[in-house]
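> Below: sequence and its predicted model.
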Amino acid sequence: MNIEQARFNMVEQQIRTWEVLDQQVLDLVSQMRREEFVPPQYRDLAFADIMIPLGHGQVMMEPKMEARLLQALNIASTDVILEIGTGSGFFTALLARLGKHVYSVDIMPDFTESAQRRLTGQGIRNVTLETGDAANGWDKHGSYDVIAITGSLPVIPKAFDLTLKPHGRMVAIAGTGPVMEAILVMRDGREGWGRESLFETSVPPLLHPKQPRFVF
């Protein structure tokens, strides 16, 4: 396989045609070595328009979906970011290249450990990886400019809204299969939140999510 041609085709034929026009995002996904974050047995599928199994019933999202969510977050270089669901660490890497610091939480220790190796191998150091159940929120580091929830939840717990800073942005996938909704949540001020539907999809739920007491 010609890796660079496959990477080019991924960007031009999958990502750009899915309404991802932010040049910073396009440049980033062109430069990031996605193949280094894919399980070895699926390396030949690194640039395919499919979800890639990671184990534990979790997946690596399609490239176009990763790019679309990244574009919606409109990340600034000063942003402090929370990611729920580290997975392979690839989306973590994209967030880290755009923001100031990423706190990424996964419930599976082996995901955390393998992601750390991959991120270190790519020279990405502005990331703190933690193992824990963050399906109902993660306020350990205060509030965040950006939150990215990479597994699905039946509803978005209110705790995530409350840990968004004013003018913060969050992407999440809400609902139950077969059709779920990718949502952008924006905190307008201290008491105001807006939301925008981005696209329909279906991804595996976060592992061991607890039923939230409060919903958006």
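That came through, no problem.
> in a strand, that's where residue 114 is, yeah?
No: counting by DSSP: H, G, I helix; E, B strand; the rest coil, residue 114 is not found in a strand; it is helix.
> Does it touch residue 89 like I think?
Yes: using CB atoms under 8 Å, residue 114 makes contact with residue 89 at a distance of 7.2 Å. For the C-beta atoms, the positions are set from N, CA and C on the backbone; glycine is no exception.
> And those two? Which one has more around it.
residue 89 (29 against 19; other CB atoms under 10 Å).
> Helices along the chain, start to end?
3-9, 23-31, 63-73, 90-98, 109-121, 158-162 (DSSP state H).
> Reformat those as JSON lines; add mean pLDDT.
Converted to JSON lines, the helices of the chain look like this (pLDDT from 0 to 100):
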{"stretch": "helix 3-9", "mean pLDDT": "97"}
{"stretch": "helix 23-31", "mean pLDDT": "97"}
{"stretch": "helix 63-73", "mean pLDDT": "98"}
{"stretch": "helix 90-98", "mean pLDDT": "98"}
{"stretch": "helix 109-121", "mean pLDDT": "98"}
{"stretch": "helix 158-162", "mean pLDDT": "95"}
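> Figure out which of those helices is closest to residue 139.
helix 158-162 (7.0 Å; CB to CB).
> Residue 173: which of the helices of the chain is closest?
Among those, if distance is taken as CB to CB, the winner is helix 63-73, at 8.9 Å.
> Name the residues that touch the closest one?
10, 14-15, 18-22, 25-26, 28-29, 34, 47, 49, 61, 90-91, 94-95, 98, 146, 148, 169, 171, 182, 184, 196, 198-199, 201 (CB atoms under 8 Å, 6 or more residues apart in numbering).
> Pull out the buried residues from those residues.
Buried residues within the contacts of helix 63-73, counting neighbours by 16 or more other CB atoms under 10 Å: 10, 14-15, 18, 20, 25-26, 28-29, 34, 47, 61, 90-91, 94-95, 98, 146, 148, 169, 171, 182, 184, 198-199, 201.
> in this protein, what spans have low per-residue confidence?
Scanning the chain for pLDDT under 70 picks out the ranges 208-216.
> let's see 80
1, 189-191, 208-216 (pLDDT under 80).
> For it, just list every one of the strands.
Under the criterion DSSP state E, the chain contains strands at 52-55, 58-60, 80-84, 101-106, 127-131, 144-153, 164-174, 180-187, 193-201.
> can you list contacts of the second one?
In this case it means strand 58-60. 37-38, 51-54, 85, 87-88, 90, 108, 111, 151, 203-204, 207.
> Direction included, what does that strand pair against?
strand 52-55 (antiparallel) (DSSP bridges).
> chain center to the strand it pairs with, what's the gap?
15 Å (CA atoms, centre = their mean, to the nearest Å).
> I figured residue 115 hits residue 108, correct?
No: in this structure, residue 115 is not within contact of residue 108 by CB under 8 Å, at 9.9 Å.
> okay, the two: which has more neighbours?
residue 115 (24 against 19).
> Show me what counts as buried in stretch 170-184.
Buried residues in stretch 170-184 (16+ other CB under 10 Å): 170-175, 180-184.
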